[in-house]
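>>> next comes the sequence, and after it the predicted model I'd like to discuss.
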Amino acid sequence: MDVKAPNALLKAQKLANLLDTAVKLPFIPIRIGLDSIVGLIPGAGDALMLFVSLRIVWLGKSLGMPKALVAQMVKNSAIDFGLGFIPFIGDIVDIFYKANQKNVRIMERWWIGENKANVDAATQAKLAQWENENP
């Protein structure tokens, strides 16, 4: 038995990493992504990043996530968008408020919750296989 995350979740993870943590800043242990960089463009940058962030929400919705969780994801994206309108401070806070990563974590927790029995069974099967191969 092999359990793999659905493509929508994998796409959301890649997009969130690109938007929130793709670049490591030199000399300091902070990672930023396109959201922080493009968000420096007043107005248009934040609007563009909101549109891309909503792609992650749409991917979650396409998986069949409950409306309450999708609403939480929209809220996270809206907070991130709103922070961008605060000059300078908003850009600094945006580095630390990683809405896309938060949204993907919501997706991951939901998917694991829905598929826990299959994931546990696959894990046990892999462990048994490994133990048989490595006495």
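That came through fine. What you see is a predicted model, and the numbers here were worked out from it, not measured in a lab.
>>> would you mind listing the buried residues in the helix or strand of the chain with the lowest mean pLDDT?
Within the chain, no helix or strand scores below helix 89-96, which has a mean of 86 by mean pLDDT, DSSP states H and E. Within helix 89-96, the residues scored as buried using 16 or more other CB atoms under 10 Å are G90, D91, D94, I95. C-beta: built from backbone N, CA, C; applies to glycine.
>>> so D46 touches F85, yeah?
Yes - with contact defined as CB atoms under 8 Å, D46 counts as touching F85 (6.8 Å).
>>> more crowded one of those two?
Ranked by neighbour count (other CB atoms under 10 Å), D46 and F85 place D46 first, with 24 against 10.
>>> nearest to K102, of the buried residues of helix 89-96?
D94 (12.8 Å; CB to CB).
>>> contacts only, for that closest one.
Contacts of D94 were listed using CB atoms under 8 Å, 6 or more residues apart in numbering, and they are D35, S36, G39, D80, L83, G84.
>>> and it, how far from L34?
As defined by CB to CB, to the nearest Å, D94 lies at a distance of 11 Å from L34.
>>> just to revisit the earlier point, most neighbours among the contacts of D94, which one is it?
D35 (29 neighbours).
>>> I'd say that residue and M49 touch.
Yes - counting by CB under 8 Å, M49 is a contact partner of D35 at 4.8 Å.
>>> list the residues that contact both of the two?
L19, D80.
>>> and the strands in the chain?
With DSSP state E applied, the chain shows strands at 23-24, 31-32, listed in chain order.
>>> residues contacting the first one, please?
When you say that, I think you mean strand 23-24. Outside strand 23-24, the residues that reach it (CB under 8 Å, 6+ apart) are I30, R31, I32, G33, I37.
>>> for the residues you listed, which one is nearest W111?
Nearest to W111 among the contacts of strand 23-24, counting by CB to CB, is G33 at 22.3 Å.
>>> confirm for me that that closest one is in contact with A22.
Yes - G33 lies in contact with A22 (CB under 8 Å); the separation is 4.4 Å.
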